[in-house]
Structures are given as structure tokens and as C-alpha cells.
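Student: Sharing a model that was predicted from the sequence below.
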Amino acid sequence: KGEDSSKVAQYLSDRGIYVSGGSACSKGRKSRELKAMGLSDERINSAIRISISRFTTQQEIDYLLTGLASAQKNMKKTK
């Protein structure tokens, strides 16, 4: 089971990593785009959006990946 995207976003935010829940087009409601991709409601509720640009460094990407791994590990412990 995926973790609620708002909990993951808060966990990462506490570590200086900022992501958004769901898709860019769905602010405040279930994403039609993710639904059209055939994702379940549970999967949609756990989706996060990560934005990068040409200015994003490898160090920032590595920090994000470390943060996501930490979130997955630590959030499973609290269930």
C-alpha cells in the first residue's frame, strides 16, 4: 500500500525537499490524467509530483532520492 502523498510531502518538506501531491492539473481533486493511465485510487492518492530543471544539480537529485528512501523506510516503521 502506498503512503498518502500529503504525508510524504510533509516528511520531505521537513528535510528541505519540496514536492507536490498528484498531477499539476488536479489541484484539490483526483487527477483525471492519472486515472486515464489506469492507476487505482490508492495509487493516485500516493502520487507525488517532482519538478526539475536544467539548473537542478546531481547533488539535489541524490538528496531527493535519499529523502524518498528514508521516507519509505521510516513511514513503514510507524504503521
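Tutor: On my side now, so go ahead. Numbers count the residues shown, from 1 in each chain.
Student: Can you mark which positions in the host helix or strand of residue 71 are buried?
Tutor: Assigned by DSSP states H and E, residue 71 falls within helix 58-77. The neighbour-count check on helix 58-77 (16 or more other C-beta atoms under 10 Å) flags 64, 67-68, 71 as buried. The way it works is simple: take the backbone N, C-alpha and C, and place the C-beta from them, glycine included.
Student: hey, where'd the helices end up in this structure?
Tutor: Here the chain has its helices, by DSSP state H, at 5-13, 32-36, 41-45, 58-77.
Student: Quick check: which helices or strands does the third one pack against?
Tutor: For helix 41-45, the contact count by 3 or more C-beta pairs under 8 Å, 6 or more residues apart in numbering; DSSP states H and E identifies helix 32-36 as packing neighbours.
Student: Report the central residue of this protein.
Tutor: Taking C-alpha atoms, centre = their mean as the criterion, residue 48 is the residue nearest the geometric centre of the chain, at 2.7 Å.
Student: Could you measure from the nearest residue to that residue once chain neighbours are set aside over to residue 38?
Tutor: In this structure, residue 48 finds its nearest non-sequential neighbour in residue 19, 4.7 Å apart by C-beta to C-beta, 6 or more residues apart in numbering. Separation of residue 19 from residue 38 (C-beta to C-beta, to the nearest Å): 23 Å.
Student: What mean pLDDT does the helix holding residue 71 get?
Tutor: Computed over helix 58-77, the mean pLDDT rounds to 92.
Student: helices or strands up against that helix?
Tutor: helix 5-13.
Student: distance of the closest residue to residue 52 other than its chain neighbours from residue 12?
Tutor: In this structure, residue 52 finds its nearest non-sequential neighbour in residue 61, 7.2 Å apart by C-beta to C-beta, 6+ apart. Using C-beta to C-beta, we find residue 61 at a distance of 13 Å from residue 12.
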